[in-house]
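Visitor: Sequence below, structure please.
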Amino acid sequence: MGDGNSGTAMDYETVLRAAGLRITRQRRTILAILAEDDDHPDALALYRRASRIDPSISLSTVYRTMKVLEEKGAIQRHTFEGGPARFEQAGGRHHDHLIDIETGEVVEFRSDRIERLQEMIAEELGYEIVSHRLELYGRRRKAD
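Guide: Here you go, the predicted structure:
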């Protein structure tokens, strides 16, 4: 992924095996796509990509695989406003998201200024941040 995540298809296989799932040819295809792609696909997009490689893959196999990977913390599920659940590899450097409301593109970004501001606000209110998620929704500006 673009933010330095390091999940590989082999890492995912280890997680699935530990959860008691068989590593079938279909699952290997799904895991390879998940490890290689740097966007935030939903289950249907993963299914479409995988079925182009192996038409025997079923949507239910994609859903089951993603569910187990999420439960075991290998991937993160994001439900951006008004859209289907999308997935990305877990464990990378913290980042936030900007979602293009016209195309659905998800842009990852990191801002040290935003991180510091959030810490300051929490401290002023007497809190310590345990976790957070920032999602910005926008559209590309028209050229002047």
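Visitor: Which segments of the chain make up each domain?
Guide: Per automatic domain parsing, the structural domains of the chain span 9-89, 96-138.
Visitor: Tell me which of these sits most buried.
Guide: domain 9-89 (a mean of 17; mean count of other Cβ atoms under 10 Å). Glycine gets a C-beta too; all of them are placed from N, C-alpha and C.
Visitor: from the chain's centre, how far out does that one sit?
Guide: Here domain 9-89 is found 10 Å from its chain centre; the criterion is Cα atoms, centre = their mean, to the nearest Å.
Visitor: hang on, the earlier thing: so can I have JSON lines of the domains of the chain showing mean pLDDT?
Guide: Output for the domains of the chain, formatted as JSON lines (pLDDT from 0 to 100):
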{"stretch": "domain 9-89", "mean pLDDT": "84"}
{"stretch": "domain 96-138", "mean pLDDT": "87"}
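Visitor: which residues touch I101?
Guide: I101 sits next to 137-139 when contact means Cβ atoms under 8 Å, 6 or more residues apart in numbering.
Visitor: let me fix that: I121
Guide: I121 touches nothing, counting by Cβ under 8 Å, 6+ apart.
Visitor: Secondary structure element holding it?
Guide: When elements are assigned from DSSP states H and E, I121 belongs to helix 112-124.
Visitor: Then L69?
Guide: helix 59-71.
Visitor: list the helices and strands that helix packs on?
Guide: Helix 59-71 is packed against helix 9-18, helix 25-36, helix 43-53, strand 75-79, strand 85-89, with contacts defined by 3 or more Cβ pairs under 8 Å, 6 or more residues apart in numbering; DSSP states H and E.
Visitor: please redo it, this time with the cut-off set to 7 Å
Guide: helix 9-18, helix 25-36, helix 43-53, strand 75-79 (3 or more Cβ pairs under 7 Å, 6 or more residues apart in numbering; DSSP states H and E).
Visitor: Enumerate every residue touching E70.
Guide: The contact partners of E70, by Cβ atoms under 7 Å, 6 or more residues apart in numbering, come to R77.
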